[in-house]
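**Q** Provided below for reference: sequence and predicted model.
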Amino acid sequence: MIKLKDLLLESYLVTDREFYESLKQAKKETGAKDKIPSKLKKMCADVKKQGFHKIGYDGKPGKAREPHKLMYQYYAYIQGWGHSKYKTPWDWTDDKSDEILQWFYSNHHNAFRYDYLLYNVTTDLQASQIVANIIPGSKDKEPAYYLVKDYLNSFGTRGKNPRDERIVIAKVEWWLKKNKVETR
């Protein structure tokens, strides 16, 4: 039995297979190569190393994402991670220098509207940056709430997206517990 919820999601959801088929077609038609910055690839590798890609919105293991794959990296790329080219999530649509993104914008506009992946890429990378300088097993560190609050305040984004803020807090709490970091 098909549920209405599944039908509604289906029109907006992009599967991995659809994304990679579209990417292959974009490369074929444009002759362009990926322009994913090496810094972004390193950031994605850090996310995987720290384990944030396995953590769901509630701070518990959930559906694992794949930071080493191009779909995850493209979602990070269009949001401005690892470079300063795009300031807002939709700046990529005006970038004429990236032929692959222009192809996606012209032919398969919904490819970057998979909300689940968008917010998880953002929160994975934010959590990774927050804990980057914390040594596992260290003592007397700030609780996750304050670490996230300070991080988001430094970019002037605190309070702009409460859902993502709660998710980042849950992920940082998970990491602190996993690495036996004692908080105040």
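**A** In hand now; what should we look at?

**Q** And the contacts of stretch 72-79?
**A** With Cβ atoms under 8 Å, 6 or more residues apart in numbering as the test, stretch 72-79 has contacts from 19, 23, 35-37, 40-41, 43-44, 53, 65-67, 82-83, 86, 89, 92, 101, 112, 114, 117-118, 121-122, 125. Yep, even glycine has a C-beta here, placed from its N, CA and C like the rest.

**Q** Kindly report the same for stretch 49-61.
**A** Contact with stretch 49-61 is made by 47, 62-67, 72, 120, 123-124, 127-128, 131, 166-167, 169-171, 173-175, 178, as judged by Cβ under 8 Å, 6+ apart.

**Q** Ok, stretch 127-140 next?
**A** By Cβ under 8 Å, 6+ apart, stretch 127-140 touches 43, 46-47, 50, 52, 141, 147-148, 151, 168, 171-172, 175-176, 179-184.

**Q** In PyMOL, select just the buried ones from these.
**A** PyMOL command restricting the contacts of stretch 127-140 to the buried ones, with burial defined by 16 or more other Cβ atoms under 10 Å:
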select buried, resi 43+46+47+50+52+141+147+148+151+168+171+172+175+176+181+183
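
**Q** The contacts of stretch 127-140 in strands, which ones?
**A** With DSSP state E as the criterion, strands contain none of these.
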